[in-house]
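J.: Pasting the sequence and the predicted coordinates here, then a few questions.
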Number of protein chains: 2
Amino acid sequence: MEPNLTLFYALSFLIAVVAFAFAAYLYVWVKKQRTVNKRIIEVSKLIKEGANTFMTREYKVLAVFALIVAVILFVLMPTPIWAEGASVMDHVLMSVSYIIGAVLSAIAGKIGIMVAALSNARCAEAAQQGIKPSFLIGFRGGAVMGLLVVGCALFGVAGVLLIVGDASLLLGFSFGASSLALFAKAGGGIFTKTADVAADITGKVELGIPEDDPRNPAVIADNVGDNVGDVAGMGADLFDSNVAAMVSALVIAQGLTGEWANVSMVFCYSMLGLLSSIIGIATARIGKNGSPTRALNSSTYVTTGIFLVLSALVTVIFEGFSWRIWGASTTGLLVGTIIGIATDYFTDDSKPIVKKCAHASASGPAFTVLSGTAYGFISALPAMVGIAVSALIAYTLCAPMGDGYALFGIAMAAVGMLSTVAMIISNDAYGPIVDNARGLAEMGDLGEETIRIADELDSAGNTVKAVTKGFSIGAAGLTVISLLGAFMSEVNAAIEAAGRTDFITGFNVMDPTVFFGILVGAAVPAVFSALLILGVDKNAQRMVAEIHRQFNSIRGLREGTAKPEYDKCIDIATSGALRELLPAGAVAIVATIAVGFIGGPAAVGGFLVGNIVSGLLLSLFMSNAGGLWDNSKKYVESGHEGGKGSEAHKAAVIGDTVGDPYKDTAGPSINTQITVVSLVASLCSSLFVAFSIFG
Amino acid sequence: MEPNLTLFYALSFLIAVVAFAFAAYLYVWVKKQRTVNKRIIEVSKLIKEGANTFMTREYKVLAVFALIVAVILFVLMPTPIWAEGASVMDHVLMSVSYIIGAVLSAIAGKIGIMVAALSNARCAEAAQQGIKPSFLIGFRGGAVMGLLVVGCALFGVAGVLLIVGDASLLLGFSFGASSLALFAKAGGGIFTKTADVAADITGKVELGIPEDDPRNPAVIADNVGDNVGDVAGMGADLFDSNVAAMVSALVIAQGLTGEWANVSMVFCYSMLGLLSSIIGIATARIGKNGSPTRALNSSTYVTTGIFLVLSALVTVIFEGFSWRIWGASTTGLLVGTIIGIATDYFTDDSKPIVKKCAHASASGPAFTVLSGTAYGFISALPAMVGIAVSALIAYTLCAPMGDGYALFGIAMAAVGMLSTVAMIISNDAYGPIVDNARGLAEMGDLGEETIRIADELDSAGNTVKAVTKGFSIGAAGLTVISLLGAFMSEVNAAIEAAGRTDFITGFNVMDPTVFFGILVGAAVPAVFSALLILGVDKNAQRMVAEIHRQFNSIRGLREGTAKPEYDKCIDIATSGALRELLPAGAVAIVATIAVGFIGGPAAVGGFLVGNIVSGLLLSLFMSNAGGLWDNSKKYVESGHEGGKGSEAHKAAVIGDTVGDPYKDTAGPSINTQITVVSLVASLCSSLFVAFSIFG
């Protein structure tokens, strides 16, 4: 059968709408579940309000930022508006596409947070009836987020492309998604860790009260943080990756012979991935006393299996759908799974590495830190090799198809790796919901057995999180390789528009301008993550001071007869998150532009490569080391190496605190930083072509 | 005047001989100083014996390793011996040149250790007479090492090139130097930190006895470690960098038009650098109550000034000596100084960063670690940008001279940055000598005032060390860029030898085989340093167990009436160092060869780039973070943030322990790892050209 692009547009919209409808059904289902415990209802409301406070403030700042960027885009992109032959319509479309990208991401995040805040209380109460109903609420709450994010991405990309007709203008859409992700992920990451660290220091360490104790003024901010960082931030991050993967594949497809079959293929694969995820989510089951980890994993495998079969099927049916591309996409998906398994090996407490790190803690905190750092560095190897090998295989498979197909193959490997992303987000969003539920169960005094069940659900969330993080970093790695290709296309378009013919065919590392870019680019993720870590540190100090103030000035707080001022802590976390985020984001963007004006497009090409490589390395290192420390602490707490209260436990807690901003602030934000600078580079390419000192 | 290569060979030998003679004079001068304190003489003898034990064992293992490598080189290099047109003589010369490189480095290390062991006791006793005589002994002892290392490098490179006549065969010599540096630096680094960490844990923490207490069985091993790690290891490292910089400049010069003027220039600059250092060392002075830091810095500046004048002078005198090359070399030297100053900013305790890290310690050890990590990452930026900018300036200056001159300019920037290396090594070797002297002053009960003086000398050593480390990492960065050029030349030579014409002109990052190499190459320094850190950890555990055994089984040890078995601890440090070093070295070498056979020369080119970039980043991060933690601890100990015994102090000690293997094992070894893989790549290039899966 001949592929028909209109068919795939229609199908993309259809599946997106099905995803929305299914999400709405799940939302209603979750909402129907009963809540009776007054304390839980009250706290859950506080969490919801806190999350809303942050999101509203964040979106306000973002709105100003996005408007400024939209104006800049309008003036300068795709070519400067004063340049000859510039089409005003293209400028308008670029800005509008940017705003749509940001708005769609914001909507998905906002609704996701609402559902999460709804699910956690119901999940906690359902744990009284056993693991099955409680699991289902957590999972379905998360699934709403997964379906919405991917539905919006597919709907948005297809819709915008249908209107603008030129994939290059989709770079604006992708940049909108990235801008939002930078705020949501890095800002949310600073928020959540500020609250977490401050609550731990004052609560557990200074006052000796348990985690989630309602007397701690930071406890609500901590729970809010789980939602804004892990639900909204993670959702925005994967929305961004998903859009970037599709857009870079589309930009490359547009320049190939047999263009429309390839464009169709991008939509077809994305749509089938979403369809498979819908089936996977709908069929997710758990036995009465079943293992939640197994339930989460098996629905992932079901989704993957369905996608592989469906994508093979369309390759048989449609002419021009190549088996080579199918191979590239399948390679991406399988390598994603392998990276996930490798990550799991380094962070799962039933595997040897966590035990070794816990054992090192018995010699003192310095050894916890050294051991986690060392294994964190080693854990980057399988993912780096995995990304490298999948790129190489995709290239080798697709290169014989013609000029440009090698790069398209890599882009499709990224699309393949992210095909099941709706399922991945569902699993990931499940984590903070059940984490919150555990806290609520404690605050609502639901009894030991309920807390035990909540604990089991929470632990499954942590295990699955490692795998999804591996997936998202792997996909980001492949996507940015294709964004590099998109950057090159944009540079050549700018060269052509300038009436020149000195087109570039790549970036030669023996060219010192390229090498200059590589070195500077490699330093940027290090500085970016350092600024985020310092931001968390500074902000946590502010919150600790506020908590001390409350304990000193509010009578009866220590005894539990007076209520703390939760909103003050939420306020500090919110304003600090936005304030500390800006220097980090500015460094990345300013460095990109400075390198471009110093060394020209060649230096920027190098800059992106250096940025990708060191970004992937640091991101994997930080995410995995953080996960390893977290689980080592839990392993010690479960009675090993002396258990709770032992010296090993103290050391493990220190490791966990070091790991907090690693794994939840800096590590996952680096992904977004990489995408943002790649897109800034593509968008500014015509400026770099027109002017640079050494270029 | 027309430059005459014979003249420069003659002058190189002459200056090298002058350096040897001056070193001999200083050696005799140091030896003449009196030692009377029995305890000091005894302990100093133990240190000397311990160092000899390690060096002998190390050199035995090395001899076997070097012989095997020499045979491999003989069979495979420059082209496989069975290849058509292979000259047996070239094969012999390659192997012999390798062995000479290793042996010269070993001799310099061995003599350096001897002098250091001689100087430390004399330095300690002279401190009773005041700072002036004590400083001079420490400085002149270090200078022997500096003069020897650079003299051997100049003599060796000139001698081997004179005999073999082809700079490519010098790659063997350079590889010999690198092999030894890998053992000396990484092995020595494991040795020294094993002993340091084990001595601290058992002594300061468990038993509550002071540092350098003679009852601690690890105390001698700790002092030995300062010598084998910091003196011999650092010397071998800079011998390696110095040789690599000269050799890569020579390999590139050989392919240029006006070849011999350029070859002359390499020797001329190296020779003038050594001459300037001799003058700088000879004129080093300190007032009766002068500042040792100022004395060390001012002799560095004197040396730099003399070199700049002399190198400008020869550029005036000799035809074909270009001002552009002089500019490149001067840029290298100045950027080296700037990197040093930037490093100093992050690690000097009179500057704000150390104070901030010390202040963070007041909130607990997790914040010490986070703050040091964050500033360590930021500290990498100026050096990375500095290296990038100096490469770019050198390129821009020299590119107009003709094909290949751009790369030659970068190589000469590295030669310029390392021109004053004899002075740098002198300053660096001064550090461990006065550090040992401080320990000896304590063990010999020389009184408070003497210990105070020794402390002041020691602190100057730490400050200066930061600057020299910045220098050596910067130079390594520039050198490996030119080694990348050398690799490309070798690949093209191999392609020509294979009768093919598909010469390469660079490595395009858009080629997925190159990108594959970049990703894998970037992961290697992370894994390499992780294995070294884990090695220190494992080995320290073994030594702690041995110390516990001695305290439990030797009666009177705790009371000071019986002597500990120092040699057992030295033995553990020695055998552990060699055992733990091998996996790390093997990973780096095997990865290089595997990437070559998978992706061919293009993948290896990418591999080297990834390796350089992530290696520089991690090396700077680890060295600087370690120095920062060390000085933060000292800053707290000098009475800030609560001083000794406070919670901040405990946290700062934990930071320092984390930093120990960072700054003295992993960080500085990465330099050597980068050089080793660059040379392995160059040496195996003909194999990769002949066979690879995807290449």
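T.: Great, that's in hand.

J.: Next, the angle helix B:566-637 makes with the biggest helix by length in chain A.
T.: Taking DSSP state H as the criterion, chain A has its longest helix at helix A:566-637. Interaxial angle, helix A:566-637 versus helix B:566-637 (axes from the mean of the first three to the mean of the last three Cα atoms, to 10 degrees): 180 degrees.

J.: Next one: helix A:566-637, is it in contact with chain B?
T.: Yes: using Cβ under 8 Å from any Cβ of the partner chain, we find that helix A:566-637 touches chain B at A:599, A:605-606, A:609-610, A:613-614, A:616-617, A:621. The way it works is simple: take the backbone N, C-alpha and C, and place the C-beta from them, glycine included.

J.: what do you get for stretch A:417-432?
T.: No: if you take Cβ under 8 Å from any Cβ as the test, stretch A:417-432 misses chain B, and the best it gets is 15.1 Å.

J.: Just give me how far that stretch sits from the chain centre.
T.: Centroid displacement of stretch A:417-432 relative to its chain, using Cα atoms, centre = their mean, to the nearest Å, is 10 Å.

J.: Stretch A:230-240 now?
T.: Distance of stretch A:230-240 from its chain centroid, counting by Cα atoms, centre = their mean, is 5 Å.

J.: Return it as CSV; C-alpha atoms alone will do.
T.: Only the C-alpha atoms of stretch A:230-240 are listed here, as CSV (Å, rounded to 0.1, in the frame of the first residue of the first chain):
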residue,chain,number,x,y,z
ASP,A,230,9.1,14.6,39.8
VAL,A,231,5.7,14.8,38.2
ALA,A,232,5.6,18.2,36.4
GLY,A,233,9.3,18.5,35.8
MET,A,234,9.8,14.9,34.6
GLY,A,235,6.7,15.3,32.4
ALA,A,236,8.0,18.5,30.8
ASP,A,237,11.4,16.9,30.3
LEU,A,238,10.0,13.9,28.5
PHE,A,239,7.6,16.1,26.5
ASP,A,240,10.7,18.0,25.4
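
J.: avg pLDDT for that stretch?
T.: Averaged over stretch A:230-240, pLDDT sits at 86.

J.: If you count neighbours, what's buried in that stretch?
T.: Neighbour counts over stretch A:230-240 (16 or more other Cβ atoms under 10 Å in any protein chain shown) mark A:230-240 as buried.

J.: Filter those down to just the ones in helices.
T.: Going by DSSP H, the helices hold A:234-240 from these.

J.: okay, these in TSV with distance to chain B next?
T.: Shown next, in TSV, are these (distance: Cβ to the nearest Cβ, whole Å):
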residue	distance to chain B
A:234	22
A:235	27
A:236	24
A:237	21
A:238	22
A:239	25
A:240	21
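
J.: OK, contacts around the residue of chain A positioned farthest from its centre?
T.: Here the centre of chain A is the reference, and by Cα atoms, centre = their mean the most remote residue is residue A:555, at 42.1 Å. Shown in contact with residue A:555 (Cβ atoms under 8 Å, 6 or more residues apart in numbering or on different chains): residue A:562.

J.: distance of it from residue A:563?
T.: For residue A:555, the distance to residue A:563 equals 12 Å [Cβ to Cβ, to the nearest Å].

J.: mind showing which ranges of chain A have poor pLDDT?
T.: A:1-3, A:77-79, A:83-86, A:205, A:257-259, A:466, A:695 (pLDDT under 70).

J.: where exactly do the strands run in it?
T.: For chain A, applying DSSP state E gives no strands.

J.: Point to the residue nearest the middle of it.
T.: Mean-position check on chain A, Cα atoms, centre = their mean. Result residue A:237 at 3.1 Å.

J.: Contacts only, for it.
T.: Residue A:237 is in contact with A:181, A:184-185, A:472, A:668, A:671-672, counting by Cβ under 8 Å, 6+ apart.

J.: same deal with residue A:508?
T.: Contacts for residue A:508 were tallied using Cβ under 8 Å, 6+ apart; they are A:514, A:602, B:505-509.

J.: For burial, what's the neighbour tally of residue A:652?
T.: Residues near residue A:652, counting by other Cβ atoms under 10 Å in any protein chain shown, number 31.

J.: measure it to residue A:636 for me?
T.: 5 Å.

J.: so what sits against both of the two?
T.: A:358, A:361.

J.: still on that earlier bit, tell me the one of the contacts of residue A:237 nearest residue A:302?
T.: Residue A:302 has its nearest neighbour among those in residue A:472, at 20.1 Å by Cβ to Cβ.

J.: shouldn't that closest one be in contact with residue A:425?
T.: No: Residue A:472 lies out of contact with residue A:425 (Cβ atoms under 8 Å); the separation is 9.3 Å.

J.: shared neighbours, these two?
T.: residue A:238.

J.: residues near the residue of the stretch 51-200 of chain A found nearest chain B, how many?
T.: Proximity of the stretch 51-200 of chain A to chain B (Cβ to the nearest Cβ) peaks at residue A:197, 8.2 Å away. Using other Cβ under 10 Å, residue A:197 is surrounded by 26 other residues.

J.: mind listing what it touches?
T.: Each residue near residue A:197 by Cβ under 8 Å, 6+ apart is listed here: A:536, A:540, A:657, A:660-661.

J.: hang on, the earlier thing: for the contacts of residue A:237, which two are the farthest from each other?
T.: A:184 and A:472 (13.9 Å).

J.: Just the buried positions in stretch A:307-320, please.
T.: Buried residues in stretch A:307-320 (16+ other Cβ under 10 Å): A:307-308, A:310-311, A:314-315, A:318.

J.: Now render these as TSV, adding distance to residue A:339.
T.: Listed next are the buried residues of stretch A:307-320 as TSV, based on distance: Cβ to Cβ, whole Å:
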residue	distance to residue A:339
A:307	17
A:308	17
A:310	23
A:311	20
A:314	26
A:315	25
A:318	30
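
J.: Same list (the residues you listed) but as a markdown table, adding distance to chain B.
T.: What follows is those, written out as a markdown table (distance: Cβ to the nearest Cβ, whole Å):
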| residue | distance to chain B |
| --- | --- |
| A:307 | 24 |
| A:308 | 23 |
| A:310 | 27 |
| A:311 | 22 |
| A:314 | 26 |
| A:315 | 23 |
| A:318 | 27 |
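
J.: Which of the residues you listed fall within helices?
T.: Reading helices off the buried residues of stretch A:307-320 with DSSP H, I get A:307-308, A:310-311, A:314-315.

J.: Of those, which pair is most distant in space?
T.: Top of the distance list for those (Cβ to Cβ): A:307 and A:315, 12.4 Å.

J.: What distance do you get for residue A:406 to chain B?
T.: Separation of residue A:406 from chain B (Cβ to the nearest Cβ, to the nearest Å): 7 Å.

J.: residues touching the closest residue to that residue other than its chain neighbours, list them.
T.: Using Cβ to Cβ, 6 or more residues apart in numbering or on different chains and skipping the chain neighbours, the partner closest in space to residue A:406 is residue A:399 (4.1 Å). Counting by Cβ under 8 Å, 6+ apart, residue A:399 makes contact with A:405-406, A:409.

J.: most neighbours, which of those residues?
T.: Counting by other Cβ under 10 Å, top hit in the contacts of residue A:399: residue A:409 with 31 neighbours.

J.: Contacts only, for the residue nearest to residue A:243 when sequence neighbours are not counted.
T.: Counting by Cβ to Cβ, 6+ apart, residue A:243 lies nearest to residue A:177, which is 4.6 Å off, once chain neighbours are set aside. The neighbours of residue A:177, taking Cβ under 8 Å, 6+ apart as the test, are A:101-102, A:104-105, A:153, A:236, A:239-240, A:243-244.

J.: Next step: the residues you listed restricted to helices.
T.: If you go by DSSP H, these have A:101-102, A:104-105, A:153, A:236, A:239-240, A:243-244 in helices.

J.: Adding distance to residue A:591, write those out as JSON lines.
T.: Formatted as JSON lines, the ones in helices among the contacts of residue A:177 follow (distance: Cβ to Cβ, whole Å):
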{"residue": "A:101", "distance to residue A:591": "23"}
{"residue": "A:102", "distance to residue A:591": "23"}
{"residue": "A:104", "distance to residue A:591": "28"}
{"residue": "A:105", "distance to residue A:591": "24"}
{"residue": "A:153", "distance to residue A:591": "28"}
{"residue": "A:236", "distance to residue A:591": "23"}
{"residue": "A:239", "distance to residue A:591": "25"}
{"residue": "A:240", "distance to residue A:591": "20"}
{"residue": "A:243", "distance to residue A:591": "24"}
{"residue": "A:244", "distance to residue A:591": "20"}
